[in-house]
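Undergrad: Kindly generate the corresponding structure for this input.
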Amino acid sequence: MTEVSPPFQGKRVAFVGKLGGVNRRQAQSLVADNGGFVMNHDDLEDANVDIVILGADQWPPTTPEELLPSSVLTSVAEGQCEIITETQFWERLGLLTEDQSVRRLYTPAMLAELLDISVAVIRRWHRRGLIVPVREIHRLPYFDFQEVSTARHLAELLEAGASPAEIERRLEELARYVPDVDRPLAQLSVIVEGRHILLRQGEGLVEPGGQLRMDFDSLETKSEEQNVIEVTREDVMRVLDRPAAQGADPEILPFINVVNRAVLPQNPEEILAQASEHEEAGKLEIAIDLYRSFLAGYGLRAEVCFQLAELLYRVHDYTAARERYYMAIELDENYVEARANLGCVLIDTGELDLAVAALLGALKYHPDYPDAHYHLARTLDALGRSEEATDHWRAFLVLAPDSPWAQQARDRLR
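TA: Numbers count the residues shown, from 1 in each chain. Sure, this is the predicted structure:
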C-alpha cells in the first residue's frame, strides 16, 4: 500500500492576515507537523515561499498589492508560488472532510448569534447568495470560517460607508489571486445612489440594511398592458344581477377588488417573490397572507410551510407556527431545521416533553446537529433530567467548540 505524504511535505509556507480558526502559533505548528517549513516575514519579502495562506478574518483584505510584496506577486504570476485561503488550508489538512467538517461550521442560528443579528437576516443573505453554505444536511445550511468573515465584513464595510469603488476593487483584486474560490460577493457590482451604498444582485439593488429595491434602469421595457385593468360587461352584470334575484338592492362592485386582480401576483413564483420582499420590508402580516395564498392556490410545499412558520413565530402566533412546522415535517420527514424549530416553539409554549421529542427527532436524522443538542440539553435541565442533559452538553461542545454558546456549555459542565 502506497504511503500518503503529509499535505505540506517539503513546502515553504507563510501566513498573511488574521486567522479565523486558530492563532498563528497553532497554525504554524500544524504546518510543521505535516511536513512543511514555516517561513518568516523576511522570507516572504524575498519570495522564499511555496505557499501563502490568507487568514479567513482578512476577507476582504486590502488589495494583494498592498498585502503582499511585489516579489511574491511576481512569483505567483510565474507559477512558482501558490496563494490559498484558510479554508483551503483546513481542507488540505483533512479537517474539513465530509465527515468532520460540521465541527468547524456554523448553522444559521449560530451565525446570527455570533454577529448579533436576527436569524432572519442570515436567511435573507443566504437566499440572495451573499453568503453560501459549504454544505447542506437535510436542508440545513452550514457556513465555514470564510463565510462568517464575509458576513461580518459585509455588514461592517457597508455600515461604515465604504465607497463602492473600494469594495469592488478589493474583491476583484482578491479574485485575481484566488481564482479557485467562487465568492458570491466578487460577482456583485457596487453602485452609489446618493448617500446609499447598493450592491447589484440580478435586477435588484441591495441596500446596506438588506432591503431589496428594483433597479428600473436595468430592466427591459415591459408591456404597458401588464397592469391594465379590464372589467367586462359580464363582470359588472354578474355582480349587479345576483343580489337583485334575491330581492335585495344591487351591490356596488368594489374598485379595489378589480385593482387587486390587475396588480397582485398571478403565478406562484411571483407570490413567493412578493412574500419575500414584504418580509424584508418588515411587513410580516402581508408576507404571511401571501405565503398562505400560495399554499392554498398551488399546493403544499415543505419549504414554504417552514418559511410561513418562521414568520408566524416572529409575530408570536405560536399555535399557528407549531402547526406549520408540523406540516413541513409531514411533507419532508428529513427537514431537521423544522424539527428543531418546532422544539423551540414547544419550549416557548411550555410543552417541554413534546419539545424533547421534537429535538430527539431532529437528532435521529442528523446526529451531528449542534443546535439540536444545545436546545435539548437546556430543556432536559429544565425538566430536572441533568444526567441526560450532560450528554448533550458534551456532544454540543464537541461539535461546536467555537460556537457563541460554547462558553455556556463549558460553564454547565464544570
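
Undergrad: where along this protein do the strands fall?
TA: Shown for the chain, the strands assigned by DSSP state E span residues 12-16, 37-38, 51-54, 82-85, 135-137, 140-142, 190-193, 196-201, 204-206, 212-214.

Undergrad: Lowest average confidence across those, which one?
TA: With a mean of 38, strand 190-193 has the lowest mean pLDDT of the strands of the chain.

Undergrad: Does L44 touch D50 like I think?
TA: No - in this structure, L44 is not within contact of D50 by Cβ atoms under 8 Å, at 11.5 Å. Using the backbone N, CA and C atoms, a C-beta is placed for each residue, glycine as well.

Undergrad: Run through the stretch 1-150 of the chain and note the low-pLDDT ranges.
TA: 1-3, 20-22, 56-66, 87, 95-104, 128 (pLDDT under 70).

Undergrad: what about 90?
TA: Scanning the stretch 1-150 of the chain for pLDDT under 90 picks out 1-7, 16-30, 33, 40-43, 45-47, 53-70, 72-73, 76-79, 82-150.

Undergrad: Roughly how far does the closest residue to S118 other than its chain neighbours sit from L376?
TA: Leaving out its chain neighbours, the residue that sits closest to S118 by Cβ to Cβ, 6 or more residues apart in numbering is A112, at 6.1 Å. Separation of A112 from L376 (Cβ to Cβ, to the nearest Å) stands at 19 Å.

Undergrad: quick one, which of the two is more surrounded?
TA: L376 (28 against 19; other Cβ atoms under 10 Å).

Undergrad: contacting residues for the more buried one?
TA: Residues near L376 by Cβ atoms under 8 Å, 6 or more residues apart in numbering: G343, V356, L359, L360, L363, A389, H392.

Undergrad: Which among those residues count as buried?
TA: Neighbour-count burial (16 or more other Cβ atoms under 10 Å) applied to the contacts of L376 gives G343, V356, L359, L363, A389, H392.

Undergrad: mind putting those residues in CSV, pLDDT included?
TA: Putting the buried ones among the contacts of L376 into CSV (pLDDT from 0 to 100) gives the following:
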residue, pLDDT
G343, 96
V356, 97
L359, 96
L363, 92
A389, 94
H392, 93
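
Undergrad: quick one: terminal-to-terminal distance for stretch 373-392?
TA: Start and end residues of stretch 373-392 are separated by 5 Å (Cα to Cα, to the nearest Å).

Undergrad: Now for S149, how many residues are close by?
TA: There are 22 residues near S149, going by other Cβ under 10 Å.

Undergrad: What separation do you get for it and V336?
TA: As judged by Cβ to Cβ, S149 and V336 stand 26 Å apart.

Undergrad: what's the closest non-adjacent residue to V31?
TA: Spatial nearest neighbour of V31, excluding adjacent residues (Cβ to Cβ, 6+ apart): V13 at 4.8 Å.

Undergrad: beta partners for that neighbour?
TA: Counting by DSSP bridges, V13 forms beta bridges with V38, I51.

Undergrad: That one is in contact with V38, isn't it?
TA: Yes - counting by Cβ under 8 Å, V13 touches V38, with 6.0 Å between them.

Undergrad: what does the domain assignment say about this structure?
TA: 12-216, 271-413 (automatic domain parsing).

Undergrad: Out of those, which is the most enclosed?
TA: Across the domains of the chain, the average number of neighbours (mean count of other Cβ atoms under 10 Å) peaks for domain 271-413, which reaches a mean of 19.

Undergrad: just the helices in the stretch 1-150 of the chain please.
TA: In the stretch 1-150 of the chain, the segments counted as helices under DSSP state H, counting those that start in this stretch are 24-33, 41-45, 64-67, 70-77, 86-92, 108-115, 119-128, 145-159.

Undergrad: Give me the contacts around stretch 307-322.
TA: 120, 123, 275, 279, 284-285, 287-288, 291-292, 295, 324-325, 328, 338, 341-342, 345-346, 348-349.
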